[in-house]
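*Asks:* take a look and give me a structure for this.
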Amino acid sequence: TAPELRPALRPQQPRRARNSMANLLRLRDDALLQCFVRVPYAYHDALRCVCRRARTLAAREQMQKARRAAGWTETALIAGGGSFFYLDKLEALDLENCPEETETFALLSGRWRRMAPMPVGRCGSSTVTVGDEMWCLGGCVTTRAADGNVSSVSGIDEVAIFSPSQNAWRLVSDPEGFHGRNFSATCRTPSGDVILIGGRRGGLNSLISSIQASAGDDPTSWRDMPTSSNFELAEPTSRAFLTPNSFQVGVFDNQLFVAPHPAIDLRSNRGAVQDTSIYDFATGAWRAGPRLPRHVFMPAGVLHGSMFYLIGGMRQQDSAEWTETVPAADVFVLDVSLPRERAVWRMGPELPSPRYGHQVVAHQGRVYVLGGHSHKGAWDTECLNIRLSADGSAWEEVPQLPSISSEENWHGASYNAGRVDLLVASVPIG
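*Replies:* Residues are numbered from 1 along each chain as shown. Next up is the predicted model:
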């Protein structure tokens, strides 16, 4: 006989589960808000969908203020912009096929979440965290006009600012005294100013050797700082002179650490690419710091606590010719808290693969390496998003940034690639 047909029954939740939210909503607004601030940021949008009262209490600005007061503010790893390298031929990079991106992502609860896109895509900007915002200073922007002509502006006079808590970008155009540049180095001073060092504007020969500082957390006003003799750069003699990511900076105990000095000419080894320069904010004087074990240029780096990391970049083989430079997997570490006579660079754990064009950032007690490319004569931009282990002895994989897939570039070719020259920072998100 045919089986007896019964109407489908709606699954019943346990009585305790059905009543838990109802009981919670019986609380006074102030008590309920104290419960809400303990909910991880990644679930705030879902929380606002529970009911009208929850949506009102969990409003973005109110939650941000309450979480900050209660000490529950989270920090997100922000990564955006950059460019996608596409090669028309292995020996020639086709710049028209790698415009800068506008996408922005935040690493939260173990995965990348899409955030508000930039108003205009850019790469090569120097980034720094100011309060609960990420400042992106200068950079490179490529545009294509209606007539099809492609133009690229290197060193734009602009500061792009992203607020993760508000999930919004704003632009500060033509700040007073600001020298637009890209591929420079930046950090914050003990007084809270943002300093910007070196970089270039235009082609490889258009160098900027000045050091600038903001007026505290005001991105609209900038001033010049005294420079070291190390920044009186000689006129470049060949394309071997590279400034992108050529040195990194960090501040510790009222001192600015700069390493390594930019390479001037690899063929003659002019330029102290092994040197470290140290600026004392109290005395306004520069002094020489410890030398690196070997020459390196275009590394990425970060000062994490008292440990100064220089990671990857380019190194020379036995020959000093430009054609003999290769990507590096080296990691150099300097404890800047040690007395001058004991402070020496040491080798840290090597990267899983050589890399340059990447970015390094300290986030939640770890050192992260994002993006970049490797291999001589070919471009590989997908395989490296990693972080240093808690004990600093090895590298661990982290979730990969989403990449363009099966989309068309400006010439109609499809590609799937990771990012180089990203804009990254660790920023409070609410």
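
*Asks:* how about low-confidence regions in the stretch 101-250 of the chain?
*Replies:* Within the stretch 101-250 of the chain, the ranges that satisfy pLDDT under 70 run 143-153, 202-207, 209, 227-246.

*Asks:* give me that answer again for 90
*Replies:* Scanning the stretch 101-250 of the chain for pLDDT under 90 picks out the ranges 101-103, 108-111, 119-125, 139-157, 165-166, 179-186, 189-191, 195-212, 224-249.

*Asks:* what segments of it are strands?
*Replies:* For the stretch 101-250 of the chain, strands defined by DSSP state E, counting those that start in this stretch occupy the ranges 104-108, 111-114, 126-130, 133-137, 140-144, 150-154, 158-163, 168-173, 185-188, 194-197, 211-215, 218-225, 248-252.

*Asks:* which ones are touching D330?
*Replies:* When contacts are counted by CB atoms under 8 Å, 6 or more residues apart in numbering, D330 touches 294, 296, 310-313, 315, 347, 350-351. Any C-beta I mention is one placed from the backbone N, CA and C, and that applies to glycine too.

*Asks:* how does it look with 10 Å?
*Replies:* By CB atoms under 10 Å, 6 or more residues apart in numbering, D330 lies in contact with 292-294, 296, 299, 310-313, 315, 347-348, 350-351, 354.

*Asks:* which of those fall within strands?
*Replies:* 310-311, 315, 347 (DSSP state E).

*Asks:* let me have the residues you listed in CSV, adding pLDDT, neighbour count and distance to Y279 as columns.
*Replies:* Putting the ones in strands among the contacts of D330 into CSV (pLDDT from 0 to 100; neighbours: other CB atoms under 10 Å; distance: CB to CB, whole Å) gives the following:
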residue, pLDDT, neighbour count, distance to Y279
L310, 94, 25, 18
I311, 93, 28, 22
R315, 79, 21, 26
M347, 95, 11, 26
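
*Asks:* list just the nearest of the residues you listed to L303.
*Replies:* L310 (10.3 Å; CB to CB).

*Asks:* just the pLDDT for M314.
*Replies:* M314 carries a pLDDT value of 81.

*Asks:* what comes up buried for stretch 36-54?
*Replies:* Buried residues in stretch 36-54, counted by 16 or more other CB atoms under 10 Å: 36-37, 41-42, 44, 47-48, 54.

*Asks:* and the contacts of D330, which of them are buried?
*Replies:* 292, 296, 299, 310-313, 315, 348, 351, 354.

*Asks:* wait, doesn't F297 sit right on P327?
*Replies:* No: between F297 and P327 there is no contact under CB atoms under 10 Å: 11.4 Å.
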